[in-house]
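Enquirer: sequence first, predicted model second:
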Amino acid sequence: MEPDALEDRVSELLSALTLAEKISLMSGDGPLIAGTREMSRRYNARPIIAGALGRLKIAGIRFTDGPRGVVMYHSTAFPSPMARAATFDPRLEERIGDAIGVEARTQGANLFAGVCINLLRHPAWGRAQETYGEDGHLLGEMGAALIRGSQRHVMACVKHFAANSMENSRLWLDVRVDERDLHDIYLPHFRRCVDEGVVGVMSAYNLVNGSPCGHHHRLLTEVLKGDWGFDGFVMSDFTWGVRNARAAANGGMDLEMPFRWRFRALPRLVARGRVPVARIDDAARRLLRAQVRHEGRGEPERYRPEVVAGGEHRALARDAAAMSVVLLRNEVAPLPDGAEPTPVLPIPGDATTSIAVIGWLAAEPNLGDLGSSQVHPPSVVTVLHGLVTAGERHGVVVRYHDGRDVAAAEELAARCDVALVVAGSSHRDEGEWIITDGGDRSSLRLRPADEELIGAVAAANRRTAVLLMGGSAFVTDRWHDRVPALAMVWYPGMEGGHGVADVIFGERPPGGRLPCTWPASTNELPPFRRFARRITYGPLHGYRMMEAKHQRPAFRFGFGLGYTTIERGTPDVVVEADGDARVATITMMLTNTGSRPGVEVIQAYVPEVLGSHDGALLTLRGFLRVDLEPGQTVEARLSVALGADTRVVSVGLSSDPDDLHELTVVAPR
């Protein structure tokens, strides 16, 4: 619909509403007590409806949560967003967004509220799995891709605005942050998603500089709706996102979810002049505009029940799981028959007859936390099941032990050709905090029992690989030098077992790269206290903190290994004007000189001064995933927006300053 026609239609609807009806648009429709009881039994089992008005055939907002997939009913569970971020592939994320949008629309929703782009400032954050990592550029590009895909079919909502990255204290935490740090570090990825056209923005529970985010006039009205020109609607995080009706409405909150609670006071507040009628009209207009804008969008022929968790979407979930695997270590180790030693991974089917799979997580349907992002797929392929199935294809026997008896696990490892230890985290250790489960992590290390198990298995079998599951970084330096192979497989989704096995057996390359820095035990990290009431968010975290503090982490942001050798040519750069801006186009020839498919992720970093830190630090400003078949040569082309004062761009395969190739993009003045 053309903009003028859109606004005319919205004005027509608005003029037909009574004040009471306008206010009714601004809250969830369900009964507060009964609805809360229903959600306590199973959250978001069906669409959560807000502002439906049958008199004018206004369907209202019909909410489904995410971001691992549609939370309602029995939908496709994709790998966690952190896993998908490891693919460094916005094209894949757009395809996943399209699939989620189709499943949401098919099952009665018109809003997907699963675009989570909060910045990972500390790897202990319990909900790290729901976002795309520590870098704002990666967050913005992956979030924008999910929006593009899902908004072909439904409205999308981005969350949680803003500075939300601690779980246990999220309801009361006051984040103190310098205005420069807020705007340079914690907001740009939200601006990117607004520019992409996202329809909804969900506020966070926490406070920013003393004001609850759901009431924050500076953030919601001045920055989001004013400076950025956002014409969609602001929705509260559920139940506790609005503490005071007057403050929230006047601050810029348009929709209280999931039920009318605090906003029950709006009629009285409007009657007394404490909330202007103009603010009610603005909120109603925004909610109506969003719905009218998305009327008629979509592809009706695709909205069939059988598509939900059907073959096409399962295959996509499997692809995503395989593409997200990050190979962190892969040393040469002896083969059992005395043949020439080879890297432990992929498992050489022609020289392997038996594999020991050890660890209880291997047999666990480990999809991630059990909070608001939980998806209920009709089935889950565990890592163990995937490895057994792949072993059958390759003529390899897979034997399993849960690892609780270390001596028995050690004995099994000793009599098999290869040992795979599966360890890491589950919903018990991290995620949305649900009293006994989830929450922020108390340690970045594995459980002591898991570290003991890894050491024992590695001592018993020199061809041992550790597969880690989880939502963020681990500190592995007590044991990673004792195992020849190490891979991160994240929370890999309902088809994750097949996807992981595809990589372990060499049917797919390990193409993932770390979207977050894995610190060494000696590294300094940002302040983090699980039950803090107040905390200061500074300008440094992740790979920029490593550079500023001259620290070397265990594994760098952007790092990952492969199974093949890729020859890289010398990069070249051409700078062109794009209006008032400049764009650098970087080209590099890549040749796969090995015998297996491979992946390269070209990364471009620009030295930038951000926030209150006074030194220029390398900052990701562009990336490109390139898939190469054996013998294939590809010219990789990557465009990077440049600041007015940018003089150099550094290109490489991770954030390691020592391994980046510096390119001059303009002659010095």
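Expert: Arrived safely, thanks for sending.

Enquirer: so, low pLDDT: which residues of the stretch 551-669 of the chain?
Expert: Residue ranges of the stretch 551-669 of the chain with pLDDT under 70: 667-669.

Enquirer: where do the strands sit along it?
Expert: Here the stretch 551-669 of the chain has its strands, by DSSP state E, counting those that start in this stretch, at 566-568, 572-578, 581-592, 598-608, 617-628, 633-642, 648-652, 661-664.

Enquirer: equivalent analysis for the stretch 1-150 of the chain, please.
Expert: Along the stretch 1-150 of the chain, counting by DSSP E, counting those that start in this stretch, strands occupy 48-50, 61-65, 111-116.

Enquirer: now do the shortest one, average pLDDT.
Expert: The one in question is strand 48-50. For strand 48-50, mean pLDDT is 97.

Enquirer: now that strand, how far from the centre of its chain.
Expert: Remark: strand 48-50 is offset 25 Å from the chain centroid, using Cα atoms, centre = their mean, to the nearest Å.

Enquirer: where does pLDDT dip in this structure?
Expert: 667-669.

Enquirer: same thing but at 50, please
Expert: Residue ranges of the chain with pLDDT under 50: 668-669.

Enquirer: domain-wise, how is the chain divided?
Expert: In terms of domains, the chain is parsed into 3-72+99-165+173-298, 323-516, 542-664 (source: automatic domain parsing).

Enquirer: contacting residues for residue 598?
Expert: By Cβ atoms under 8 Å, 6 or more residues apart in numbering, residue 598 lies in contact with 509, 511, 562, 563, 564, 565, 566, 592, 627, 628. Bear in mind the C-beta positions are built from the backbone N, C-alpha and C, glycine included.

Enquirer: pull out the buried members of those.
Expert: 509, 511, 562, 563, 564, 566, 592, 628 (16 or more other Cβ atoms under 10 Å).

Enquirer: looking at those residues, spot the one nearest residue 620.
Expert: Distance to residue 620 across the buried ones among the contacts of residue 598 (Cβ to Cβ) is lowest for residue 511, with 17.8 Å.

Enquirer: now residue 175: which helix or strand?
Expert: Using DSSP states H and E, residue 175 sits in strand 174-177.

Enquirer: what about that strand, distance to the chain center?
Expert: On Cα atoms, centre = their mean, the centre of strand 174-177 falls 23 Å from the chain's centre.

Enquirer: kindly report the same for stretch 175-195.
Expert: Relative to its chain's centre, stretch 175-195 lies at 17 Å (Cα atoms, centre = their mean).

Enquirer: end-to-end on that stretch?
Expert: The first and last residues of stretch 175-195 sit 26 Å apart, counting by Cα to Cα, to the nearest Å.

Enquirer: same deal with stretch 506-524?
Expert: Terminal residues of stretch 506-524 lie 37 Å apart, using Cα to Cα.

Enquirer: about what we covered before: neighbouring strands of the strand holding residue 175 in the sheet, and parallel or not?
Expert: If you go by DSSP bridges, strand 174-177 pairs up with strand 207-208 (parallel), strand 534-537 (parallel).

Enquirer: so how far is the last one off the chain centroid?
Expert: To tie it back to what came earlier, the one meant is strand 534-537. Centroid displacement of strand 534-537 relative to its chain, using Cα atoms, centre = their mean, is 23 Å.

Enquirer: equivalent analysis for the shortest one, please.
Expert: The chain centroid and the centroid of strand 207-208 are separated by 23 Å under Cα atoms, centre = their mean.

Enquirer: ditto for stretch 522-533
Expert: Centroid displacement of stretch 522-533 relative to its chain, using Cα atoms, centre = their mean, is 21 Å.

Enquirer: so what touches it?
Expert: Contacts to stretch 522-533, defined as Cβ under 8 Å, 6+ apart, come from residues 121-125, 166, 168-169, 172-174, 439-440, 442, 519, 535-538, 540-541, 545-546, 549, 551, 553.

Enquirer: what's the answer for stretch 346-356, then?
Expert: Surrounding stretch 346-356, the residues in contact under the criterion Cβ under 8 Å, 6+ apart are 335-337, 339, 342, 387, 391, 394-401, 409, 412-413, 415-420, 457, 461, 503-506, 563, 596.

Enquirer: mind running it again at 6 Å?
Expert: Stretch 346-356 has contacts (Cβ atoms under 6 Å, 6 or more residues apart in numbering) with 335, 339, 394, 396-399, 412-413, 416-419, 504-506, 563.

Enquirer: just the CA coordinates of that stretch, formatted as PDB?
Expert: Only the C-alpha atoms of stretch 346-356 are listed here, as PDB (Å, rounded to 0.1, in the frame of the first residue of the first chain):
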ATOM      1  CA  PRO A 346      36.700 -35.700  10.200                       C
ATOM      2  CA  ILE A 347      36.500 -39.300  11.300                       C
ATOM      3  CA  PRO A 348      38.200 -41.400   8.500                       C
ATOM      4  CA  GLY A 349      35.600 -44.000   7.700                       C
ATOM      5  CA  ASP A 350      38.100 -46.100   5.800                       C
ATOM      6  CA  ALA A 351      40.300 -46.400   8.900                       C
ATOM      7  CA  THR A 352      37.800 -46.400  11.700                       C
ATOM      8  CA  THR A 353      35.600 -49.300  12.800                       C
ATOM      9  CA  SER A 354      34.400 -48.100  16.200                       C
ATOM     10  CA  ILE A 355      33.600 -44.800  18.000                       C
ATOM     11  CA  ALA A 356      33.100 -44.300  21.700                       C
END
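
Enquirer: buried stuff in that stretch?
Expert: So stretch 346-356, judged by 16+ other Cβ under 10 Å, has buried residues 346, 347, 348, 352, 354, 355, 356.

Enquirer: can you put those in CSV and add distance to residue 430 and secondary structure?
Expert: Listed next are the buried residues of stretch 346-356 as CSV, based on distance: Cβ to Cβ, whole Å; DSSP: H, G, I helix; E, B strand; the rest coil:
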residue, distance to residue 430, secondary structure
346, 29, coil
347, 29, coil
348, 35, coil
352, 34, coil
354, 33, strand
355, 28, strand
356, 27, strand
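
Enquirer: quick check: of those, which lies closest to residue 620?
Expert: Nearest to residue 620 among these is residue 346, at 29.4 Å by Cβ to Cβ.

Enquirer: does the nearest residue to the closest one once chain neighbours are set aside lie in a helix or a strand, and which?
Expert: Take residue 346 and drop its neighbours on the chain: the residue closest to it by Cβ to Cβ, 6 or more residues apart in numbering is residue 506, 3.0 Å away. Assessed by DSSP H and E, residue 506 sits outside every helix and strand.
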